[in-house]
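Visitor: following is a predicted model, sequence given first.
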Amino acid sequence: MSRAADRLRVVLNHLDRPGAVRASFTSGQNVSYHHPQALRYTFDTDLLSPEQRIAYEEDGFILIKNLVSEEDIDRFRAEFERICKREVKVPGLVVMRDVAIARSEFMPDQKAVSKLQDFQEDPELFRYCALPQILKYVECFTGPNIMAMHTMLINKPPDAGKKTSRHPMHQDLHYFPFRPADRIVCAWTAMERVTRQNGCLVVLPGSHRGALLEHDYPEWEGGVNKMYHGVRNYDPTHPRVHLEMEKGDTVFFHPILIHGSGMNQTPGFRKAISCHYASADCYYIDVQGTTQENIAKEVHELAEKKYGVDDSVTFAVRKTTGGHVRHLNFSCVFIVFFTVVRRIVYMYYLEQ
Ligand SMILES: CCCCCCCCCCCCCCCCCCCC(=O)SCCNC(=O)CCNC(=O)[C@H](O)C(C)(C)COP(=O)(O)OP(=O)(O)OC[C@H]1O[C@@H](n2cnc3c(N)ncnc32)[C@H](O)[C@@H]1OP(=O)(O)O
Ligand SMILES: O=C(O)CCC(=O)C(=O)O
C-alpha cells in the first residue's frame, strides 16, 4: 500500500472513533452525526481499502468482483429449480409470480416464479447468507454482530411486452421498520451475467445521503407487481449507473440508495440472490405517521386476506426475544434469524 493510502488509513481510523455516531430515534429520519467529517457508513475491519471505504461513503454501494463461486451459484440454482417443481417445500417461503402471469394457469417450473422471499428455512439457499466471504464485507457496514433480516432469489422473467419485469426506483428502507439505516446493508449477487439487456440494477450514486422518500405505486400503463412501490419524487437528472455484472459478482448497497432494475428484454430468466443484513443493535420503530404507513397497511391487509387474521393484528413495535441465534464459523459474527419472518419485516403480532 502506498504511503498516501497508509496516511489516509490513519486519518480514517482517527475519525472512526466510537461516539462519533449517534442514532436518531425518529422513525422517518436517518441517523444524525456529531462529527461532520466522520466516516459514517463504514467500519475499518482491515478488509476495505481506504479508497473502497471512501467510494461507499460517497456512492452508497460497492461492487466486488467474483465473490461467490460458480459451484455455489449452481447449487443455489438447482435448489431454486427443486422448489419451483415443488420437490422441496420450504416453511415460510413467499413465492411471487409476475403480475403478467399471476392470474394465468399453474406452471410447475421456474417460468411461473419471479421471486422467492424468506428462504431462511431452506438450508441450501440460506448458505448464501452465511458465506464467510459475504459476511466479511457485511461486517464493514453493520459491525460485527450481524442479523440476516430478509432473503430473496429474484428470477426476473422475460418481459411479456408490458414492461412488468421492471422494478421501480425505490429505497429498501421503505420496507424496513428498523433503524439505524446506516447499519443495514444489502448483498446482491448476480447468478449469471447481468446486463442492461436482461435488466441489471440501476443505482443513483450518492442518493443514500438523502432522506427516506415517499413511495407509492408508479402509474405504469402495463401495471406493476404487488407491493412494488416506487419513489414518488426523485431528481430525474441525477446521474445513473447501470451495474452490469458477471456471475458471482456481488454488490453491497445502503438501504437509502435509490435503485431499481430494468426490463428483461432477453428470452432468459435473469437470476440474482440477495440478503439484507442489519446490525444486531438495530431497533424496531413505529412507522405510524411516517411515509412507511402505506406499505405497513398493505402488509396488514394481505395478512388479513391470506391468513384470516383480523383487526386484532396490530402493527407494533416490540423487541423480539423469540429468535434463533445461529452461530457461524466466522470470528465475532453471528446471525440472529427469527423463525417467524414477518416479525422481522413488520413485527406483526396478535394482541392478547
Ligand atoms: C401474520 C402476518 C403475515 C404477513 C404476510 C405478508 C407477506 C408479505 C410479503 C411481501 C413483503 C415485502 C417485504 C419486502 C422487504 C424487502 C424489500 C427489498 C426490496 C424489494 O424487493 S422491493 C419489493 C418488495 N415487495 C415485494 O417483494 C412483494 C412482491 N410480491 C409478492 O411477493 C406477491 O405478489 C405477494 C404480495 C406475496 C402476493 O402473492 P400471493 O400471496 O401468492 O398472491 P395470491 O396468489 O394469494 O394472489 C392474491 C392477489 O394478488 C394478485 N397477485 C399475485 N401476485 C401478484 C403480483 N405479482 N402483482 C400483482 N398482483 C398479484 C393475485 O392475482 C390475487 O388477486 P385477486 O384479485 O385474485 O385477489
Ligand atoms: O433484482 C432486481 O431486479 C431488483 C432488486 C432490488 O431492487 C432489491 O433487492 O431491492
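Guide: That came through fine. Numbers count the residues shown, from 1 in each chain. Ligands and ions are numbered 1, 2, ... in the order given.
Visitor: contacting residues for the nearest residue to Gly143 once chain neighbours are set aside?
Guide: Closest residue to Gly143 apart from its sequence neighbours, by Cβ to Cβ, 6 or more residues apart in numbering: Ser279 at 5.1 Å. (Each C-beta comes from the backbone N, C-alpha and C, glycine too.) For Ser279, the contacting residues are 142-143, 145-147, 183-184, by Cβ atoms under 8 Å, 6 or more residues apart in numbering.
Visitor: give me phi/psi at Ser279?
Guide: phi -60, psi 140 (degrees, to the nearest 10).
Visitor: list the beta-bridge partners for it.
Guide: Ile146 (DSSP bridges).
Visitor: show me where pLDDT drops low in the stretch 101-250 of the chain?
Guide: Along the stretch 101-250 of the chain, segments meeting pLDDT under 70 span 103-109.
Visitor: does stretch 250-261 come close to ligand 1?
Guide: No: Stretch 250-261 stays clear of ligand 1 (Cβ under 6 Å from any ligand atom), getting no nearer than 8.5 Å.
Visitor: for the helix or strand containing Asp74, C-alpha coordinates in PDB please.
Guide: Taking DSSP states H and E as the criterion, Asp74 maps to helix 70-84. Extracted in PDB, the C-alpha atoms of helix 70-84 (Å, rounded to 0.1, in the frame of the first residue of the first chain):
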ATOM      1  CA  GLU A  70     -19.600 -20.800  -9.700                       C
ATOM      2  CA  GLU A  71     -20.200 -24.000  -7.800                       C
ATOM      3  CA  ASP A  72     -22.200 -22.300  -5.000                       C
ATOM      4  CA  ILE A  73     -24.300 -20.400  -7.500                       C
ATOM      5  CA  ASP A  74     -25.000 -23.600  -9.500                       C
ATOM      6  CA  ARG A  75     -26.100 -25.200  -6.200                       C
ATOM      7  CA  PHE A  76     -28.500 -22.300  -5.500                       C
ATOM      8  CA  ARG A  77     -29.900 -22.500  -9.000                       C
ATOM      9  CA  ALA A  78     -30.500 -26.300  -8.600                       C
ATOM     10  CA  GLU A  79     -32.300 -25.700  -5.300                       C
ATOM     11  CA  PHE A  80     -34.400 -23.000  -6.900                       C
ATOM     12  CA  GLU A  81     -35.500 -25.400  -9.600                       C
ATOM     13  CA  ARG A  82     -36.400 -28.100  -7.000                       C
ATOM     14  CA  ILE A  83     -38.500 -25.500  -5.100                       C
ATOM     15  CA  CYS A  84     -40.300 -24.400  -8.300                       C
END
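Visitor: now do the buried residues in that helix.
Guide: Buried residues in helix 70-84, counted by 16 or more other Cβ atoms under 10 Å: 72-73, 76-77, 79-80, 83-84.
Visitor: point out the other helices and strands that that helix packs with.
Guide: helix 123-126, strand 145-156, strand 270-279 (3 or more Cβ pairs under 8 Å, 6 or more residues apart in numbering; DSSP states H and E).
Visitor: is there proximity between the last one and ligand 2?
Guide: Yes: contact of strand 270-279 with ligand 2 (Cβ under 6 Å from any ligand atom) involves 272, 274.
Visitor: where do the helices sit along the protein?
Guide: 3-15, 50-59, 70-84, 123-126, 132-142, 293-307, 341-345 (DSSP state H).
Visitor: now render the ones you listed as TSV, adding distance to Gly222.
Guide: Listed next are these as TSV, based on distance: least, Cβ to Cβ, whole Å:
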stretch	distance to Gly222
helix 3-15	47
helix 50-59	31
helix 70-84	24
helix 123-126	30
helix 132-142	35
helix 293-307	20
helix 341-345	27
